[in-house]
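Participant: Return a 3D structure for these sequence lines:
(one chain, ligands or ions: 2)
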Amino acid sequence: MENKKKKRIVIALGGNALGNTLPEQMKAVKITAKAIVDLIQEGCEVIVAHGNGPQVGMINNAMAALSREDANQPNTPLSVCVAMSQAYIGYDLQNALREELYNRDIYDIPVATMITQVRVDADDPAFETPSKPIGHFMTKEQAQAAEEKYGYIMKEDAGRGYRRVVASPKPAEIVEIGAIRSLVNSGQLVIACGGGGIPVTRQGNHLRGASAVIDKDFASELLAENLDADFLIILTAVEKVAIHFGKPEEKWLDELDTEEARKYIKEGHFAPGSMLPKVQAAVKFAESKPGRTALITLLEKAKDGITGKTGTHIHLGQIN
Ligand SMILES: Nc1ncnc2c1ncn2[C@@H]1O[C@H](COP(=O)(O)OP(=O)(O)O)[C@@H](O)[C@H]1O
Ligand SMILES: NC(=O)OP(=O)(O)O
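Facilitator: Numbering: from 1, shown residues only. Ligands and ions are numbered 1, 2, ... in the order given. From the prediction side, this is the model:
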């Protein structure tokens, strides 16, 4: 039987929860673990999902360099790089969470990372138009060189520099959802859908890896729906969502109903590849069932967010 007394929360961790390099990640996960265990101590049941943009780019570059050096090593498919990023990030997060739980004398919550495959549609038009930024930021000159040397597609990322972009189809099904649900229902702290999940397409009984990186905000939303969560919390580098972001008339939002959110999306208030997928995922979750709320806030403010003190709360509004 599911334990529905506690508030069930799916947390989507963004880039600042993990850092960009190995040492940064080791440090960042300690702060992240504190924020997550705070929520557990508030009486919430937490499921953790996370991004992998910098990490999957780093792994992909390393594997590509290996195959250039060694003729016996074919290039590593992007789906395998996503799997590697899930294991690497899961390893650090899992250990940081375990340590933080033990530091607070909580010994009865086992932590588990689920290698998660997420089915995508082979006909998803996103395969034709790469849009998901991965890897590190580059200058315009470095980006041009990467395009010429490796055939990468490079794009300017929300005023922060240039990054490689890859296909990002929508998540259609979480393959391991049954196993995730069992672990969650038995009281384990589960890390799942890392990096948006390993993208696969179905060919009969065979799951074939797809060359893509799924957006973790959309995968987390699907996970939250599948687990019948009460909250989807997207933790990122800003405390609230703004309209007129970065402009003199900038306005930070405490509450946002789904109808307003749709209007602001149409008006272009949220940058594609950064805030737009978060707001879209929040709207989808809030509209999926009455009573479901999404929250977008800063990692360190997760506890204040869930108690209503800060963050942008997205809830069901009138649907046209
Ligand atoms: N309308 C907006 N309101 C708030 N932040 C925005 C907005 N549009 C773009 N952003 C930017 O989006 C960033 C979050 O996106 P991103 O860094 O890609 O997320 P993460 O790595 O945490 O998933 C914020 O730090 C902010 O710079
Ligand atoms: N897969 C994914 O969405 O990663 P980021 O959150 O790092 O962009």
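
Participant: When you work out contacts or count neighbours from here on, use the C-alpha atoms and nothing else.
Facilitator: Will do.

Participant: isn't Glu225 right up against Ala286?
Facilitator: No. Using C-alpha atoms under 8 Å, Glu225 makes no contact with Ala286, being 9.8 Å away.

Participant: Per-residue confidence at Asp257, what does it come out as?
Facilitator: The model reports Asp257 with a pLDDT of 96.

Participant: Distance check, Gln117 against Tyr88.
Facilitator: Applying C-alpha to C-alpha, to the nearest Å, the value for Gln117 to Tyr88 is 16 Å.

Participant: Pass me the low-pLDDT residue ranges in the stretch 1-150 of the chain, would you?
Facilitator: 1-4 (pLDDT under 70).

Participant: at 50 instead, please
Facilitator: 1-3 (pLDDT under 50).

Participant: Check whether stretch 106-119 comes near ligand 2.
Facilitator: No. Against ligand 2, stretch 106-119 shows no contacts by C-alpha under 6 Å from any ligand atom, the least distance being 11.8 Å.

Participant: Please tell me I have it right and Leu101 contacts Tyr107.
Facilitator: Yes. Between Leu101 and Tyr107 a contact is recorded at 6.8 Å, counting by C-alpha under 8 Å.

Participant: Quick check on the two: which one has the bigger neighbour count.
Facilitator: Remark: of Leu101 and Tyr107, Leu101 carries more neighbours, 23 against 11, as counted by other C-alpha atoms under 10 Å.

Participant: name the element that one belongs to?
Facilitator: Assigned by DSSP states H and E, Leu101 belongs to helix 78-103.

Participant: contacting residues for the spatially most central residue of the chain?
Facilitator: Nearest residue to the geometric centre of the chain (C-alpha atoms, centre = their mean): Lys216, 2.8 Å. Counting by C-alpha atoms under 8 Å, 6 or more residues apart in numbering, Lys216 touches Ala12, Ala49, His50, Gly51, Cys193, Gly194, Gly195, Gly196, Gly197.

Participant: can you list those in a markdown table and add distance to Leu276?
Facilitator: Compiled in a markdown table, the contacts of Lys216 are given as follows (distance: C-alpha to C-alpha, whole Å):
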| residue | distance to Leu276 |
| --- | --- |
| Ala12 | 15 |
| Ala49 | 18 |
| His50 | 17 |
| Gly51 | 15 |
| Cys193 | 20 |
| Gly194 | 20 |
| Gly195 | 17 |
| Gly196 | 16 |
| Gly197 | 19 |
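
Participant: In strands, which of the residues you listed fall?
Facilitator: The strands, defined by DSSP state E, take in Ala12, Ala49, His50 from those.

Participant: who does Ala12 bridge with?
Facilitator: Applying DSSP bridges to Ala12 yields these beta-bridge partners: Ala49, Ile234.

Participant: ok, now which ones touch it?
Facilitator: For Ala12, the contact set (C-alpha under 8 Å, 6+ apart) comprises Val48, Ala49, His50, Gly51, Lys216, Asp217, Ser220, Leu232, Ile233, Ile234, Leu235.

Participant: try 10 Å this time
Facilitator: Going by C-alpha atoms under 10 Å, 6 or more residues apart in numbering, Ala12 touches 47-51, 192-196, 216-221, 224, 232-236, 278, 296, 299.

Participant: Please apply the same query to Ala167.
Facilitator: 124-133, 210-215.

Participant: Try it again at 6 Å.
Facilitator: Ala126, Phe127, Pro130, Ser131, Ala212 (C-alpha atoms under 6 Å, 6 or more residues apart in numbering).

Participant: For it, what are phi and psi?
Facilitator: Ala167 has phi and psi values of phi -60, psi 140 when expressed as degrees, to the nearest 10.

Participant: Of Glu225 and Ala286, which one has the most company?
Facilitator: More neighbours surround Ala286 than the other of Glu225 and Ala286, with 27 against 20 (other C-alpha under 10 Å).

Participant: What distance do you get for the more buried one to Leu222?
Facilitator: For Ala286, the distance to Leu222 equals 12 Å [C-alpha to C-alpha].

Participant: cool, Tyr150 as well?
Facilitator: 34 Å.

Participant: what residues does the stretch 51-200 of the chain put near ligand 2?
Facilitator: Taking C-alpha under 6 Å from any ligand atom as the contact definition, the stretch 51-200 of the chain meets ligand 2 at Gly51, Asn52, Gly53, Gly195, Gly196.

Participant: Just give me the closest of these to ligand 1.
Facilitator: Using C-alpha to the nearest ligand atom, Gly51 comes nearest to ligand 1 of those, at 6.5 Å.

Participant: ok, now which ones touch that closest one?
Facilitator: Here Gly51 is in contact with Gly14, Gly195, Lys216 (C-alpha under 6 Å, 6+ apart).

Participant: how deep is Arg160 tucked in, by neighbour count?
Facilitator: 10.

Participant: Then Ala282?
Facilitator: If you count neighbours by other C-alpha under 10 Å, Ala282 ends up with 32.

Participant: do the same with Ser182
Facilitator: Count around Ser182 with other C-alpha under 10 Å applied: 12.
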